[in-house]
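>>> Provided below for reference: sequence and predicted model.
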Amino acid sequence: MKLIKVKNYEELSKKASAFIVETVNQKPNAVIGMATGSTAEGTYEYLVKAFQNDEVSFTEAHSVNLDEYVGLSPENDQSYHAYMDHHLFKHIDMPAENHFIPDGEANDLQDECVRYESRIEELGGVDLQLLGLGHNGHIGFNEPGTSFQSKTQVVDLAESTRKANARFFEVMEEVPDQAITMGIATILKSKRILLLVSGKGKAEILNKLLESEQTESIPATALKEHHDVTIIADADALSLFEKNHNGELKNCVV
Ligand SMILES: O=P(O)(O)OC[C@H]1O[C@](O)(CO)[C@@H](O)[C@@H]1O
């Protein structure tokens, strides 16, 4: 894994957006794997700016999202469909038929998982997958204990994840307890992976990820077997790891 240390969230967002712009400029019909959550918001902000400044166009590109809550309609403000529209899709020129997000309202959720997995394959796989890191080490909604062989699946959300995401909902009871998520094996099939980690709140889990061997109790450690993973982390997120290593970052591009 390659690690890029940046000063702050602003720099992280700028850099992550530049990765996506470069990918789409090199391959206009690229498939970009999109993440949701707070960390990715700044990346999309810079991506919209890049589009508005004519630095990139998405007319041939496709997007596949990592996950969606079960039971939320695309019109629900807390759904990841609504998140993507709000932060990205309504501001750029990617045709709506090129956006793929799991259908959390499908009658047959298992069928939807199979359909989603094959859709990604039909598109030729993901060229660049953006990821955030959960406080418990989850990627997508793959919670601790998830098999590294997992494909797109319906998952029960950990109570800590529901609590962490409750900030987006009016009351805790509204936070869904299930989601559809790309599996870990699905994520690992991406040609290139970009993991974004920002803030002091993520320092402990980032330290664990960097220190630890591969273990299913920290889903993000699955990324260690992938040949092209870049972590972009800001100084706050790296603070604990650096403290434990006397400020020394080995094998890192700083
Ligand atoms: O960026 P945040 O809000 O800390 O979330 C981390 C990750 O957890 C999720 O909320 C669950 O998939 C993702 O959307 C995100 O990438």
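Done, it's in.
>>> Tell me how far the closest residue to the ligand within the chain lies from residue 28.
Taking Cβ to the nearest ligand atom as the measure, the chain has residue 132 as its residue closest to the ligand, at 2.2 Å. No exception for glycine: its C-beta is placed from N, CA and C like everyone else's. Distance, residue 132 to residue 28, by Cβ to Cβ, to the nearest Å: 26 Å.
>>> between these two, who's got more neighbours?
Per other Cβ atoms under 10 Å, whichever of residue 132 and residue 28 has more neighbours is residue 132, with 21 against 13.
>>> thinking again about what came up before, ok, the residue of the chain closest to the ligand touching residue 40?
Yes - counting by Cβ atoms under 8 Å, residue 132 touches residue 40, with 5.9 Å between them.
>>> any residues in contact with both of those two?
Shared contacts of residue 132 and residue 40 (Cβ atoms under 8 Å, 6 or more residues apart in numbering): residue 196.
>>> near the ligand, which residues of this structure?
35-39, 66-67, 132-134, 140-141, 165 (Cβ under 6 Å from any ligand atom).
>>> can you tell me which of those are in helices?
38-39, 165 (DSSP state H).
>>> Just the buried ones from the residues you listed?
For these, a neighbour count by 16 or more other Cβ atoms under 10 Å gives the buried set as 39, 165.
>>> ok, so of the ones in helices among the residues of the chain next to the ligand, who is nearest residue 71?
Checking these against residue 71 with Cβ to Cβ, the nearest one is residue 165 at 14.0 Å.
>>> Give me the pLDDT for the closest one.
With respect to pLDDT, residue 165 has a value of 91.
>>> surely it meets residue 175?
Yes - here residue 165 reaches residue 175: they are 5.9 Å apart, a contact under Cβ under 8 Å.
>>> what is in contact with these two at once?
Counting by Cβ under 8 Å, 6+ apart, nothing touches both residue 165 and residue 175.
>>> got a list of what residue 45 touches?
13, 17, 87.
>>> if you set the cut-off to 10 Å instead, what comes out?
Applying Cβ atoms under 10 Å, 6 or more residues apart in numbering to residue 45 gives the contacts 10, 13-14, 17, 87-88, 91.
>>> try residue 76
69, 82, 104-105, 174, 176.
>>> Can you select the buried ones from the contacts of residue 45 in PyMOL?
Buried residues within the contacts of residue 45, by 16+ other Cβ under 10 Å, are selected in PyMOL with:
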select buried, resi 13+14+17+87+88+91
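>>> Now intersect the contacts of residue 45 with the strands, please.
Among those, DSSP state E puts none in strands.
>>> CSV for the contacts of residue 45, including pLDDT?
What follows is the contacts of residue 45, written out as CSV (pLDDT from 0 to 100):
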residue, pLDDT
10, 98
13, 98
14, 98
17, 98
87, 98
88, 98
91, 98
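>>> for this protein, what spans make up the strands?
For the chain, the strands defined by DSSP E occupy 2-6, 31-34, 62-65, 67-69, 99-100, 128-132, 153-156, 178-181, 192-197, 229-234, 252-253.
>>> longest helix in the protein, by residue count?
Criterion DSSP H: the longest helix present in the chain is helix 9-26.
>>> For that helix, enumerate the helices and strands it packs against.
Counting contacts by 3 or more Cβ pairs under 10 Å, 6 or more residues apart in numbering; DSSP states H and E, helix 9-26 packs against strand 2-6, strand 31-34, helix 38-52, strand 128-132, strand 192-197, strand 229-234, helix 235-244.
>>> Taking strand 192-197 as reference, get the angle to the fourth one.
Taking axes from the mean of the first three to the mean of the last three Cα atoms, to 10 degrees, strand 128-132 and strand 192-197 form an angle of 20 degrees between their directions.
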